[in-house]
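Student: generate a structure from the sequence data that follows.
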Amino acid sequence: MPVRSRWSGEKALCRLCALPVLLLLLAAPAAALDTIWLVRHAEKVESWPTDRDLDALQPLSREGTARAEALSDRFKDDGIAAVYTSRTTRTLATGLPLAARTKIPLIADDATTKPSEIPPFLAKLRERHAGDKAVLIVGHSNTIPQLLAALGATPDCFARLGIRKAPDGGLVIDGYDGVWRVDVAKKGCAGVARE
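Tutor: Numbering: from 1, shown residues only. Predicted coordinates for the structure are as follows:
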């Protein structure tokens with residue numbers, strides 16, 4: 001009869017204890033981004049040249065600056081890991097107070113303004129922030145609906161989200177006060193809400 005030492009019995013017991021932990025780790029889903037927040041840029045200066053080349057430079061109005069600060073207050077404790085904007089003065093100025101206050105990156109990327117680039121942009125964003133709680137995207141009246149649709153919103157929830165058809169056939173939102181929350185784990189309209 002073979003003689004077993006006390007040490008070999010402890011090693012076997014240790015292996016048995018490690019098995020449930022290993023199974024639990026294997027069954028747990030990989031970390032993923034929880035929430036994508038979207039806002040429209042804050043109010044812009046009304047008296048601005050209509051020259052299309054100057055559109056990207058249109059700054060925020062006094063009310064817009066106040067709204068950008070209010071958004072910073074609103075999101076300061078929501079675990080935002082980064083703020084994404086287009087390369088326009090008004091979106092950058094809307095996201096800057098939060099980025100400066102919480103010391104997170106402010107990333108200017110015009111992919112959010114180009115319908116064909118939105119799906120790859122969102123895929124990259126999810127990959128880059130897989131372990132983060134949330135990110136914020138600052139968009140425009142005509143890009144917020146496109147982003148929401150790419151994130152799961154369908155026509156049956158457009159009215160609840162404040163999305164309407166524009167005269168040119170595109171989709172738009174009205175006003176500057178919308179805040180949209182996308183729960184990345186949920187599918188379709190169930191994952192999208194407007195505050």
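
Student: low-confidence ranges in the protein?
Tutor: Counting by pLDDT under 70, the chain contains low-confidence ranges at 1-31.

Student: can you rerun that using 50?
Tutor: For the chain, applying pLDDT under 50 flags the ranges 7, 12-30.

Student: mind listing the strands in it by residue range?
Tutor: Using DSSP state E, the strands assigned to the chain run over residues 35-40, 80-85, 106-108, 134-139, 163-165, 171-173, 179-183, 192-194.

Student: the last one - contacts with which helices or strands?
Tutor: So that's strand 192-194. Using 3 or more Cβ pairs under 8 Å, 6 or more residues apart in numbering; DSSP states H and E as the contact criterion, the neighbours of strand 192-194 among helices and strands are helix 158-161, strand 179-183. Where you see a C-beta, it was placed from the backbone N, CA and C, and this is true even at glycine.

Student: okay, now the sheet partners of the longest one, with direction.
Tutor: It stands for strand 179-183. Under the criterion DSSP bridges, strand 179-183 sits next to strand 35-40 (antiparallel), strand 192-194 (antiparallel) in its sheet.

Student: just the residues contacting the last one, thanks.
Tutor: For strand 192-194, contacts defined as Cβ atoms under 8 Å, 6 or more residues apart in numbering pick out 148, 151-153, 157, 160-162, 178-183.

Student: check stretch 93-105 too.
Tutor: Taking Cβ under 8 Å, 6+ apart as the criterion, the residues outside stretch 93-105 that touch it are 39, 41-42, 59-60, 64-65, 67-69, 71-72, 75-76, 80-85, 106, 136, 138.

Student: report the central residue of the protein.
Tutor: For the chain, the residue lying nearest the average C-alpha position, counting by Cα atoms, centre = their mean, turns out to be Ile36 (2.6 Å).

Student: which residues touch it?
Tutor: Taking Cβ under 8 Å, 6+ apart as the definition, contacts of Ile36 comprise 122, 125, 134-137, 151, 181-182, 184.
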